[in-house]
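*Asks:* Let me see the structure of the following:
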Amino acid sequence: MLHDPQRSAATMLFSWMLFVILNKEVPVRFSRSHGVVLSLALLSLPAIGMASCCLDDGNGKPLAKSGLGESLPVAENLSHNPNWLVYGFERDGIAYYQVNDLAGQVRVIVGHAGDQFWTLPAGRIAARTSLPSRRLAVPAAAVRYVVYQQADFALVVYGDGADAVWSVEPTGQGR
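*Replies:* From the prediction side, this is the model:
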């Protein structure tokens, strides 16, 4: 049990200490400094568990760690629109949202950190994308479709085909 390679070091340390305390098989005397170190180690276990977790998409769905740019990534479809596939990824605290069409072609990838947004050069056709920091004109007769939305922004597309304009729009509900 103590040598299970699937367990983290913190979990194994906690298990060993719990075993010793419950079974009272080993008499242990701690000096004051050792007691403080042991207390700090026990108190840090919840923080270690939380640090191993990942970002979510703002709607409670976890973001994938790999697969960005793939036609069919191993990630959950986060789309709010049945005509599009949206995949969320996270790396080093930065979230990326990839939109694919139903054929699996990457249309646009938007990076998001804090209140900053940017696009990545992805897909066969360069998508025209309006960002909060750089607004593009939207065709007058274009229909607006919400493709993805969370508390602080929505990813929408105006129109379709070659004339479509993607847009990252603040919703005002977030931070």
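*Asks:* Work out the sheet partners of the helix or strand hosting Thr119 and label each with its direction, please.
*Replies:* Using DSSP states H and E, Thr119 sits within strand 116-120. Strand 116-120 pairs in its sheet with strand 106-113 (antiparallel), by DSSP bridges.
*Asks:* Extract the residue ranges of this structure that are flagged as low pLDDT.
*Replies:* Residues of the chain meeting the criterion pLDDT under 70: 1-62, 173-175.
*Asks:* which residue ranges form the strands in it?
*Replies:* Along the chain, counting by DSSP state E, strands occupy 84-91, 94-101, 106-113, 116-120, 128-130, 144-149, 153-158, 165-170.
*Asks:* Would you list the strands that the last one pairs with, along with their directions?
*Replies:* Pairing partners of strand 165-170, with direction, according to DSSP bridges: strand 128-130 (parallel), strand 153-158 (antiparallel).
*Asks:* Would you mind finding the most buried of these?
*Replies:* Most buried of the strands paired with strand 165-170, by mean neighbour count (mean count of other CB atoms under 10 Å): strand 153-158, with a mean of 22. All C-beta atoms are positioned from the backbone trio N, CA, C, and that covers glycine.
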